[in-house]
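1. here's a sequence, model it:
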Amino acid sequence: MRNNAAQVLSSYADTVIDAARAGIVTEALKGTFWKSVGTNIFSGALYTLILIAVALILSLAGIDLVGIIDHTPTPATSTSPPPNPPPGG
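-> Below you'll find the model as predicted:
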């Protein structure tokens, strides 16, 4: 009984998907590429302007971002000696 119900449900889902497929493909290929490019360029420019504004506000408040970055400690490098070569090689 369950197998029969699963087959009926699967068949119905396939029918619905096949009927909607043409509309989905048409909507996906409708020419939204350039609209998306424009939206992404605008959002990138807006984000850049926000970062510039934050840096300017911090600068006016007396906070030196470049100085902070220059004075951050760098990770320590390993000072251990290199490994010994294997004997006989």
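2. and the residue nearest the centre of the chain, helix, strand or coil?
-> Centroid-nearest residue in the chain, with C-alpha atoms, centre = their mean: Asn40, separated by 12.8 Å. Here Asn40 is helix, with the state taken from DSSP: H, G, I helix; E, B strand; the rest coil.
3. what sits against it?
-> Not one residue lies near Asn40 by C-beta atoms under 8 Å, 6 or more residues apart in numbering. (C-beta placed from N, C-alpha, C; glycine too.)
4. read off the pLDDT value for it.
-> In this model, Asn40 is scored at 95, pLDDT.
5. pLDDT weak spots in the chain?
-> 78, 88-89 (pLDDT under 70).
6. all helices of it, in order?
-> Ranges of helices in the chain, per DSSP state H, are 2-28, 33-60, 65-70.
7. adding distance to Asn84, write these out as a markdown table.
-> A markdown table is the format used below for the helices of the chain (distance: least, C-beta to C-beta, whole Å):
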| stretch | distance to Asn84 |
| --- | --- |
| helix 2-28 | 61 |
| helix 33-60 | 50 |
| helix 65-70 | 39 |
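8. wait, which of the ones you listed is closest to Pro81?
-> Evaluated over the helices of the chain, closeness to Pro81 peaks at helix 65-70, with 31.3 Å, by C-beta to C-beta.
9. just checking, what packs against the closest one?
-> Judged by 3 or more C-beta pairs under 8 Å, 6 or more residues apart in numbering; DSSP states H and E, helix 65-70 is in contact with helix 33-60.
10. can you give me how far the helix it packs on is from the chain middle?
-> 16 Å (C-alpha atoms, centre = their mean, to the nearest Å).
11. again with stretch 68-86
-> Distance, stretch centre to chain centre, for stretch 68-86: 31 Å (C-alpha atoms, centre = their mean).
12. report the separation between Leu46 and Ala55.
-> Distance of Leu46 to Ala55, given as C-beta to C-beta, to the nearest Å: 15 Å.
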